[in-house]
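In: could you look at this predicted model? Sequence included:
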Amino acid sequence: RYDAGKDGFIDLMELKLMMEKLGAPQTHLGLKNMIKEVDEDLDSKLSFREFLLIFRKAAAGELQEDSGLHALARLSEIDVSTEGVKGAKNFFEAKVQAIHDASRFEEEIKAEQEEKKKQAEELKQRKAAFKELQSTFAQ
């Protein structure tokens, strides 16, 4: 919704506009700090996974009370007394989907880590085989 560039990321200007539309405008430095706090790949923009990380950190109480990310997490909460049950239903369905997506990301990360371990082991075996072959020629 706020990805104006339709590139799958929220950059600084898109985050600025989003925060303004949500009624919690931030300074330029505040916006940079918001991105920096959850920017895992250090590309200075938010992927969907990093965006979800905001809410995970908020739920775990890892966001500072005065941070822009804390304000964003608070703004996304739904008050059942205001929205009614239908709003709560949509909220919980969105939360379930977010948890599902997060677990999928965790599975992808674990798969990447396993692949890196496998590659490191293969490299170790190739080096050992090379050293063995090298010692054969050295004799």
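Out: In hand now; what should we look at?
In: just give me the neighbour total for residue 101.
Out: If you count neighbours by other C-beta atoms under 10 Å, residue 101 ends up with 13. Quick note: C-beta positions are derived from backbone N, CA and C, even for glycine.
In: right, and it touches residue 51 too?
Out: No. Here residue 101 does not reach residue 51: they are 10.3 Å apart, not a contact under C-beta atoms under 8 Å.
In: residue 99: what's it in contact with?
Out: Contact analysis of residue 99 by C-beta atoms under 8 Å, 6 or more residues apart in numbering lists nothing.
In: any idea how far it lies from residue 105?
Out: 11 Å (C-beta to C-beta, to the nearest Å).
In: correct me, but residue 72 touches residue 19?
Out: Yes. Look at residue 72 against residue 19 with C-beta under 8 Å: they come within range, at 6.9 Å.
In: which element follows the helix or strand bottoming out on mean pLDDT in the chain toward the C-terminus?
Out: Between all helices and strands in the chain, the lowest mean by mean pLDDT, DSSP states H and E belongs to helix 68-76, at a mean of 69. Next helix or strand after helix 68-76 toward the C-terminus (DSSP states H and E): helix 80-138.
In: alright, calling it a day.
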